[in-house]
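Undergrad: Structure for the following, please:
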Amino acid sequence: QLQLVESGGGLVQPGGSLRLSCAGSGFTLDSYAIGWFRQAPGKERERVSCISSSGDRTNYAGSVKGRFTISRDNAKNTVYLQMNSLKVDDTANYYCAAHPSLVYVCRGGSAMDYWGKGTLVTVSS
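TA: As a prediction, this is how the structure comes out:
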């Protein structure tokens, strides 16, 4: 089965860190741009970050710039989202998505080739 699988979510205190992973299952990620998205209850989905297939280009939402870092290891078929200085407002379900076009991913298009099911991040004291 071809799918993206997220992991690494959990409960963390404000100011803490988490690293999310997005792994390709049944296919290789190296020809896809990858985006991380999040959706909190009652809110619209937000594009958090995106990365090119080679990893040489990245982009971040203003709300996470300077705190989150996206990276990828194509040898491990995995994309990461390192989240530091977490805030209560970062609480959401985090998803990754794949599409051949970096522009399309960074714009948050709905017709991605693959979506993961998400991993829940809860920031609370």
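
Undergrad: residue nearest the centroid of this structure?
TA: By C-alpha atoms, centre = their mean, the mean C-alpha position of the chain lies nearest to W36, the distance being 2.4 Å.

Undergrad: Can you list the residue ranges for helices in the protein?
TA: 102-106 (DSSP state H).

Undergrad: mind checking how far stretch 78-91 is from the chain centre?
TA: Put simply, stretch 78-91 sits 9 Å off its chain's centre (C-alpha atoms, centre = their mean, to the nearest Å).

Undergrad: now stretch 96-103
TA: 11 Å.

Undergrad: How about residues contacting it?
TA: Contacts with stretch 96-103, where a contact means C-beta atoms under 8 Å, 6 or more residues apart in numbering, come from 4, 6, 20, 22, 24, 29, 31-37, 50-53, 57, 79, 105, 109, 111-116. For the C-beta atoms, the positions are set from N, CA and C on the backbone; glycine is no exception.

Undergrad: First-to-last residue distance for it?
TA: 15 Å (C-alpha to C-alpha, to the nearest Å).

Undergrad: mind listing what S52 touches?
TA: A33, T58, L102.

Undergrad: Could you turn the buried ones of those into a ChimeraX selection?
TA: For the buried members of these, the matching ChimeraX selection, counting by 16 or more other C-beta atoms under 10 Å, is:
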select :33,102
